[in-house]
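Peer 1: give me a 3D structure for the following:
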Amino acid sequence: MKKRSNIAVIMAAGRGARHGTNVPKQYLELKGRLVLERAVDAFENHPGIDQIALVVDPEEISRVSQMVSDNGWKKVSDILKGGKERFQSSLAAIKAFSNRPEDNIILHDAARPLVSERIISDVLASLNQHKAVGVAVPVTDTLFFTGPANEHVIRVPERDLFMRAQTPQAFRISVLKKAYEFAMAGPAFSATDDCGVVRRYMNREKIYIVMGDEKNSKITYPGDIEILSHWLE
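Peer 2: Predicted structure coming up:
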């Protein structure tokens, strides 16, 4: 049986509006390396990853092409045009590899630059048994379920039943492609999470969970860079 290839896709098309700077967060410096460079390094250096694609804002393709050349990344094969919405970037990746339905696609946020070798290894190992894999960490805070206006508490759910999603999220390409085909056929579709698309539109496909870690947090707000800098120290 032919070995399935593991294709890492680094999602880097976001503009980072919540971060509060004019520079998209994936192009910020983190201890001497750009955030995007650190994210790509993690997959470039992992022996189980066969190929890497970068999904970027069309206006950044020239900059990213130069970055690939400067770093000498051997596994980066494609620089894809991303969309304004996250799901549009996922669709770009699915389209690029739709002719390889039995290979694996491993989607990772560029804004999570400290993903560990252990997490990537656990995801790849899980893909030997499962067609959909997510990464998550336990919720430690009490959760309030509120009304639409977030003005009052409706109930306090049992937090042991919840986990915070991280990336990478990984799938057999055929599964993710079929889920998005169903999704795009529906009216007013929008999504920020690929596991959510598979769960909603391919609900018989169980999504196996790999344990993440706190270092694999996402840069969202200005102080997050400083927090990740401390992890690197």
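
Peer 1: okay, CA-based contacts and neighbour counts for the rest of this
Peer 2: Noted.

Peer 1: quick one: Gln129 from Tyr208, how far?
Peer 2: For Gln129, the distance to Tyr208 equals 9 Å [Cα to Cα, to the nearest Å].

Peer 1: same check, this time on Leu28
Peer 2: 32 Å.

Peer 1: same question, Ala111
Peer 2: Plainly put, Ala111 is 23 Å away from Tyr208 if you go by Cα to Cα.

Peer 1: higher neighbour count, these two?
Peer 2: Per other Cα atoms under 10 Å, whichever of Ala111 and Tyr208 has more neighbours is Ala111, with 28 against 16.

Peer 1: might one say that the more buried one is in contact with Asn216?
Peer 2: No - if you go by Cα atoms under 8 Å, Ala111 and Asn216 don't touch, sitting 9.4 Å apart.

Peer 1: low-confidence stretches in this protein?
Peer 2: 1, 16-21 (pLDDT under 70).

Peer 1: residue at max distance from the center of it?
Peer 2: For the chain, the largest distance from the centre (Cα atoms, centre = their mean) belongs to His152, which lies 32.3 Å off.

Peer 1: strands of this structure, residue ranges please.
Peer 2: Counting by DSSP state E, the segments of the chain that form strands are 6-12, 29-30, 33-34, 51-56, 76-81, 104-109, 132-138, 145-146, 153-155, 163-172, 208-211.
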